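Visitor: give me a 3D structure for the following:
(4 chains)
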2 protein chains.
Amino acid sequence: MEFPNTGDFLAGRLRDKLGHDDLEYIESLVVERREAETGEVLLSRGAIADTSTILISGYMFRTIESGNQRFIVGLHVPGDFVDLHGFALKRLDHNVVAAGPVVYGVAPHEQLREALEERPRVARALWFATLLDAAIHRKWIQMLEQLDAPRRIAHIYCELHRRFELIGQANARSLRTPFTQIDLADMCGVSAIHANRAVGKLRELGLGEIRRGDLYTSDWDALRKYAQFEPDYLYGDGPLRFDQDWL
Amino acid sequence: MEFPNTGDFLAGRLRDKLGHDDLEYIESLVVERREAETGEVLLSRGAIADTSTILISGYMFRTIESGNQRFIVGLHVPGDFVDLHGFALKRLDHNVVAAGPVVYGVAPHEQLREALEERPRVARALWFATLLDAAIHRKWIQMLEQLDAPRRIAHIYCELHRRFELIGQANARSLRTPFTQIDLADMCGVSAIHANRAVGKLRELGLGEIRRGDLYTSDWDALRKYAQFEPDYLYGDGPLRFDQDWL
DNA sequence: ACCGTCTACTGATGCATGTTAGCTTCCGTG
DNA sequence: CACGGAAGCTAACATGCATCAGTAGACGGT
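Guide: Sure thing, here's the model as predicted:
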């Protein structure tokens, strides 16, 4: 994966929503490429940022700290802008942390502001990206209200798998992540011990084997059914399909 | 409360973020005022809307249905646009339901689109509103991951109280809502029976009395402490204060 | 090779919450 | 006034999950 101007690493989720020149334009906003290690805090709550960040490879967490405890409130996959909201809100209400080794790009707000003013299609695509984040948040709320721990874990992996499908990077029999069981626990709102039992239950049920964060399964459909996973909220190809005409 | 052109019922949360003429402009987008009864579904998942809705009085729920069960994933108070995201996403991923008797305004997308193009400050204020929704979603995720049922209920009332403060409608000793204990249960992801226990516990602890949805308390601070409520995420006056200069 | 640390895993016990069932109070309506 | 439905409430038992205690393997540093 080269950089810059390769034309295939950026704006993953928007890839088939925008024309070639808009995509190239978005790429051109990224002036620098950086790397970070597991656990590195890329953006801190309360800090004022003058750049926005796009994830190129790896995973990032959105976390909220509260009394020595960490809560994971969102996940990001390659191609996601992780802090577009920081552009408009100025100060972030949460942290952004590297879930494993990551590569990311940096886009100065100054140039983003210019983009918003001069490229209405790009402006709306970026707005769409933040609205998609909100839709995913809502699904997590429902997931936490409805599902028990094993199903929450299954749902998270199903969501990630679908998100990788949407950027053409899904694998038929596995999904590789750097997540520890502690990470899974912090996403699901359960203790690490219980996350371990939940992982054990998925194995026991024959739905999937999670080893060092990597999920191996022979039957995604069974896993999706178990987790009651319905992908509509990701605005891919289903009934809620994102309306391209609008852009 | 008259209509239209009263200048004081709309854009509650944006009131002190925009100038007078921008507020008037937003008001002018609302071409019709309507009413609805408890439980009425104002917007259905999957439907295509050509208008956006602003809540004038009462409460609305955002709900997701799943297998005969209803999950409440968000709340709205007067002055909130409840479906701005419907404007950009076209199809909604969830329902919007009247939590009690409501009055609301309707703004055609056509005019909103014009507003976005001709009034960059208004466009950014509306974007801010959707980002604020997302920040609230994140807080709910954390709340569900961290708190037990009594604290979740307390947190929800503290959040509502603060949101009413921000639009100048808070009451020092009470907060009136039309919520049933079933509604509270569906917000907290617990059974109705357990919501009842949680309400009983708050009463037992002397933190507040909830009767037919109305909360009476003599000590908001104690309630906030119990719920570990930190209002920063609402982007009011705290350290995360919304940056007016930016608009 | 040794040590400490991090991650995965297991069992025992208690609290939080779900489920089922039945009862009461309130309120609108015939 | 009688009635019925919806909301609030209570009890008894079952399950989910937290907590505490402890073991074992992987890994990096010395």
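Visitor: helix, strand or coil for residue A:171?
Guide: Under DSSP: H, G, I helix; E, B strand; the rest coil, residue A:171 falls in the coil class.
Visitor: partners of the spatially most central residue of chain A in the sheet?
Guide: Nearest to the geometric centre of chain A sits residue A:76, at 2.0 Å (Cα atoms, centre = their mean). Beta-bridge pairing of residue A:76 under DSSP bridges involves residue A:60.
Visitor: tell me how far the host helix or strand of residue A:65 lies from the chain's centre.
Guide: Element membership for residue A:65 (DSSP states H and E) is strand A:60-66. Put simply, strand A:60-66 sits 13 Å off its chain's centre (Cα atoms, centre = their mean, to the nearest Å).
Visitor: quick one: is the longest helix along chain A near chain B?
Guide: The residue-count maximum for a helix in chain A (DSSP state H) belongs to helix A:120-146. Yes - for helix A:120-146, a contact with chain B is found by Cβ under 8 Å from any Cβ of the partner chain, at A:120, A:124, A:127-128, A:130-135, A:137-142, A:144-146. The C-beta positions use only the backbone N, C-alpha and C, and glycine is treated the same way.
Visitor: show me what stretch A:144-152 is in contact with.
Guide: A:143, A:155, A:187-190, A:194-195, A:197-199, A:201-202, A:205, A:226-228, B:66, B:69, B:71, B:73, B:141, B:144-145, B:186, B:188-189 (Cβ atoms under 8 Å, 6 or more residues apart in numbering or on different chains).
Visitor: how about a cut-off of 6 Å?
Guide: A:143, A:188, A:190, A:194, A:198, A:201, A:202, A:227, B:71, B:144, B:189 (Cβ atoms under 6 Å, 6 or more residues apart in numbering or on different chains).
Visitor: try stretch A:99-111
Guide: Contacts with stretch A:99-111, where a contact means Cβ under 6 Å, 6+ apart, come from A:29-30, A:32-38, A:50-61, A:87, A:178.
Visitor: state the distance spanning the first to the last residue of it.
Guide: 28 Å (Cα to Cα, to the nearest Å).
Visitor: and it, how far out from the chain middle?
Guide: Stretch A:99-111 has its C-alpha centroid displaced from the chain centroid by 14 Å (Cα atoms, centre = their mean).
Visitor: ok, stretch A:187-197 next?
Guide: 20 Å.
Visitor: buried subset of the residues of helix A:120-146 next to chain B?
Guide: Neighbour counting by 16 or more other Cβ atoms under 10 Å in any protein chain shown classes A:124, A:127-128, A:130-135, A:137-142, A:144-146 among the residues of helix A:120-146 next to chain B as buried.
Visitor: other residues contacting stretch A:75-83?
Guide: With Cβ under 6 Å, 6+ apart, stretch A:75-83 has contacts from A:12-13, A:43, A:52-57, A:60, A:96, A:129, A:163, A:167.
Visitor: how far away is the residue in chain A that DNA strand C sits nearest to from residue A:197?
Guide: Closest contact between chain A and DNA strand C, by Cβ to the nearest atom of the strand, is at residue A:181 (3.1 Å). According to Cβ to Cβ, to the nearest Å, residue A:181 and residue A:197 sit 10 Å apart.
Visitor: and what of residue A:183?
Guide: Using Cβ to Cβ, residue A:183 is found at 16 Å from residue A:197.
Visitor: okay, these two: which has more neighbours?
Guide: The residue with more neighbours, out of residue A:183 and residue A:197, is residue A:183; 21 against 14, by other Cβ atoms under 10 Å in any protein chain shown.
Visitor: can you tell me the SS state at the more buried one?
Guide: helix.
Visitor: for residue A:33, same thing?
Guide: Per three-state DSSP, residue A:33 ends up strand.
Visitor: could you break chain A into its assigned domains?
Guide: Chain A breaks down into these domains under automatic domain parsing: A:12-133, A:147-234.
Visitor: okay, which residue of chain A is out on the far edge from center?
Guide: Quick read of chain A (Cα atoms, centre = their mean): farthest out is residue A:204, 28.2 Å.
Visitor: and it, how far from residue A:224?
Guide: 18 Å.
Visitor: quick one: the strands in chain A, in order.
Guide: A:32-36, A:41-43, A:51-57, A:60-66, A:69-76, A:95-98, A:102-108, A:174-175, A:209-211, A:214-216 (DSSP state E).
Visitor: distance-wise, check whichever residue of chain A sits closest to DNA strand D relative to chain B.
Guide: Nearest residue of chain A to DNA strand D: residue A:194, at 3.0 Å (Cβ to the nearest atom of the strand). Distance, residue A:194 to chain B, by Cβ to the nearest Cβ, to the nearest Å: 13 Å.
Visitor: OK, contacts around that residue?
Guide: residue A:149.
Visitor: flag every residue of chain A that's near DNA strand D.
Guide: Within reach of DNA strand D by Cβ under 7 Å from any atom of the strand, chain A has these residues: A:148, A:149, A:150, A:189, A:190, A:191, A:193, A:194, A:198.
Visitor: those residues: which two are farthest apart?
Guide: A:148 and A:193 (14.9 Å; Cβ to Cβ).
Visitor: name the nearest residue to residue A:207, ignoring sequence neighbours.
Guide: residue A:223 (5.0 Å; Cβ to Cβ, 6 or more residues apart in numbering or on different chains).
Visitor: cool, residue A:132 as well?
Guide: What sits nearest to residue A:132 in space, not counting adjacent residues and going by Cβ to Cβ, 6+ apart, is residue A:235, at 6.1 Å.
Visitor: residue A:210 now?
Guide: Nearest non-adjacent residue to residue A:210, counting by Cβ to Cβ, 6+ apart: residue A:199, 4.9 Å away.
Visitor: could you check how far the one you found is from chain B?
Guide: Separation of residue A:199 from chain B (Cβ to the nearest Cβ): 18 Å.
Visitor: pretty sure that residue is touching residue A:211, no?
Guide: No - between residue A:199 and residue A:211 there is no contact under Cβ atoms under 6 Å: 9.1 Å.
Visitor: what sits against the closest residue to residue A:187 other than its chain neighbours?
Guide: In this structure, residue A:187 finds its nearest non-sequential neighbour in residue A:72, 4.4 Å apart by Cβ to Cβ, 6+ apart. By Cβ under 6 Å, 6+ apart, the contact set of residue A:72 is A:61, A:63, A:186, A:187.
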